[in-house]
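Predicted model, plus sequence, below.
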Amino acid sequence: MTTSYNCTSEEQRAEGLEHAQRAINEKKCIVMPTDTVYGIAADAFSPQAVTMLLVSKGRGRHMPPPVLIPRPNALDGLATDVPEDARKLAEAFWPGGLTLIFHAQPSLDWDLGETRGTVALRMPDDEIALELLNRTGPLAVSSANRTGQPAAQTASEARTQLAESVEVYLEGGFRPVVGTESVASTIVDATAVPFRVVRDGAISLERLREVVPGLLGLGEEGPEAAGEAEAAPETSTEPAPEAVTENHAEGPVSGEAAVSGETRAE
């Protein structure tokens, strides 16, 4: 049975978080506020729960959800070969609107979809989200809407789209708290050097480059790639190999809004 809790009430918040934790343990989906928009969340380590999340959104395995974490030191348990510059970005912008793509720890028993061995991680800057994450551990989270529909900015909006496919709705008020436009997190691919932005969002390229000067913006090519392009025969029509980051960025910033966004989403 679907239940909604008004988390602006201290009593309902405690009850709602307890119910949400129980639902996650039972491999069910919940809806929670984040610092971007509302997200639909499930146990990241349960293939059954992640499948339910994708089905609820009307999304396939080619659009794997990112994973929200409660604290920066959870990074090393989920990712491997973490570059020092990626740690600097996390230190500068977590909690906040930055999603980082890493090589996933090969020892982990999880299945988020067709990730090609990568995982997108973010620590949200939202009190309710962090309190829940500290109870449950890492959660697979995508924007709380049916794919192709507007991202929900309240739990009530999410419920009109997701209905009974979600066990618990945690209502924390309008998100984002400031302003009326929902802005997705910026996604940076940290699996290769130079790092590159694969989705523009809440953290500007200028701010990112204050921490990692060589980081490439959306669509930019590094010197080596540019040189190879100039040297390539003009008659070549062979398409470039599909980038690993395409699994983590499905669309424009305005489409997601969330936890990674409607572009791999959150």
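Received, thanks.

what's the first-to-last distance across stretch 144-151?
Length of stretch 144-151, first residue to last, CA to CA, to the nearest Å: 6 Å.

List the neighbouring strands of the helix or strand harbouring residue 188 plus their orientation.
For residue 188, the element it lies in under DSSP states H and E is strand 186-189. Strand pairing for strand 186-189, determined by DSSP bridges: strand 98-104 (parallel), strand 196-199 (antiparallel).

and the closest residue to residue 81 other than its chain neighbours, what are its bridge partners?
Spatial nearest neighbour of residue 81, excluding adjacent residues (CB to CB, 6 or more residues apart in numbering): residue 103 at 5.2 Å. Glycine gets a C-beta too; all of them are placed from N, C-alpha and C. Residue 103 has these beta-bridge partners by DSSP bridges: residue 80, residue 118.

name the helices or strands packed onto the longest helix that the chain contains?
Counting residues, the longest helix in the chain under DSSP state H turns out to be helix 10-25. If contacts are counted by 3 or more CB pairs under 8 Å, 6 or more residues apart in numbering; DSSP states H and E, helix 10-25 sits against strand 3-6, strand 30-33, strand 38-43, helix 127-136, strand 168-171.

Now render the ones you listed as TSV, adding distance to residue 66.
Shown next, in TSV, are the helices and strands packed on helix 10-25 (distance: least, CB to CB, whole Å):
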stretch	distance to residue 66
strand 3-6	24
strand 30-33	14
strand 38-43	9
helix 127-136	13
strand 168-171	19
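
Make TSV out of these and add distance to residue 185 and mean neighbour count.
Below are the helices and strands packed on helix 10-25 laid out as TSV (distance: least, CB to CB, whole Å; neighbours: other CB atoms under 10 Å):
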stretch	distance to residue 185	mean neighbour count
strand 3-6	25	18
strand 30-33	14	30
strand 38-43	11	31
helix 127-136	13	20
strand 168-171	20	25
